[in-house]
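Novice: sequence-free structure coming up:
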Ligand code: M1P
């Protein structure tokens, strides 16, 4: 039986959305059309976002006009390690508690040495971003501009900077049981096994929805939407961009 908190929604289903390239262009803001679409959709079903980024970045992308990111029924940043239900923060675990300071330092020291030695056309700043549920590693640095990001992404496609780096880390830190996930344009995320986007499902289980739909763009194996997209608890949908999300979702839930 679906939680009474959703009594006014005619359809007792939850629709979860990835953020970058699903609700917004990568690292940019949602369009006013998308915001209106989400407001309309929420009259029918429960809605949530599940992004790999931290909550501050996702808020920047989804706080558009008078829309507040906490208007989503569920808000999941860092794959659900930061979780909101009806705007209220839920309890969660942390990367540092799970991994421990000693192993974390060994990992981060290795990463920084590796980045110091890697040859790429430009380097900027913030090569490791420490978050609640993961660390994010970028060989060019998170301070890169939009243009520098696009240039790095193209360079990386040809030279496999991130893929090679991840392979070395996977081998060297096998004992820590970590997942290395290349989800964006300039970086990759590192988190304990199981803390991929399926983690957020633990927060919605007790609401007992009839179905949970997930929309994402990186749904093939190796992409950071793959696990939740292929999880038996969800009905997965692959989209190419935000316009595609609105089109498919309208067909399923609003027509
Ligand atoms: O949401 C996908 C990824 O978005 C960002 O990646 P990048 O800066 O490389 O484009 C990061 O916030 C990353 O953690 C996240 O998985």
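Specialist: Now that the structure is in, tell me what you want to look at. Computed from a predicted structure; not experimentally measured.
Novice: who touches residue 215 in this structure?
Specialist: By C-beta atoms under 8 Å, 6 or more residues apart in numbering, the residues touching residue 215 are 15-18, 22, 237, 239, 245, 248-249. All C-beta atoms are positioned from the backbone trio N, CA, C, and that covers glycine.
Novice: Give me the neighbour count for the residue lying closest to residue 43 once chain neighbours are set aside.
Specialist: Leaving out its chain neighbours, the residue that sits closest to residue 43 by C-beta to C-beta, 6 or more residues apart in numbering is residue 9, at 7.6 Å. Using other C-beta atoms under 10 Å, residue 9 has 18 neighbouring residues.
Novice: Kindly report the same for residue 25.
Specialist: By other C-beta under 10 Å, neighbour count at residue 25 equals 13.
Novice: wouldn't it be in contact with residue 242 here?
Specialist: Yes - counting by C-beta atoms under 8 Å, residue 25 touches residue 242, with 7.1 Å between them.
Novice: before we move on, the earlier item: okay if I get the contacts of residue 215 as TSV plus neighbour count?
Specialist: Supplementary listing: these in TSV, determined by neighbours: other C-beta atoms under 10 Å:
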residue	neighbour count
15	26
16	26
17	26
18	27
22	27
237	19
239	22
245	24
248	16
249	21
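Novice: can you list those residues in a markdown table and add distance to the ligand?
Specialist: Output for the contacts of residue 215, formatted as a markdown table (distance: C-beta to the nearest ligand atom, whole Å):
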| residue | distance to the ligand |
| --- | --- |
| 15 | 18 |
| 16 | 14 |
| 17 | 12 |
| 18 | 7 |
| 22 | 9 |
| 237 | 17 |
| 239 | 14 |
| 245 | 15 |
| 248 | 20 |
| 249 | 19 |
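Novice: among these, which are in strands?
Specialist: 15-17, 237 (DSSP state E).
Novice: Contact distance from the ligand - what residues of the stretch 101-250 of the chain qualify?
Specialist: 136, 183-187, 189, 224 (C-beta under 6 Å from any ligand atom).
Novice: so how far is the first residue of stretch 14-33 from its last?
Specialist: 21 Å (C-alpha to C-alpha, to the nearest Å).
Novice: For it, the averaged confidence score.
Specialist: What stretch 14-33 shows for mean pLDDT is 96.
Novice: just stretch 155-165 next, same as before
Specialist: Mean predicted confidence for stretch 155-165 is 97.
Novice: how long is that stretch end to end?
Specialist: First-to-last residue span, stretch 155-165, C-alpha to C-alpha: 14 Å.
Novice: tell me which residues of it are tucked away?
Specialist: 156, 161-162, 165 (16 or more other C-beta atoms under 10 Å).
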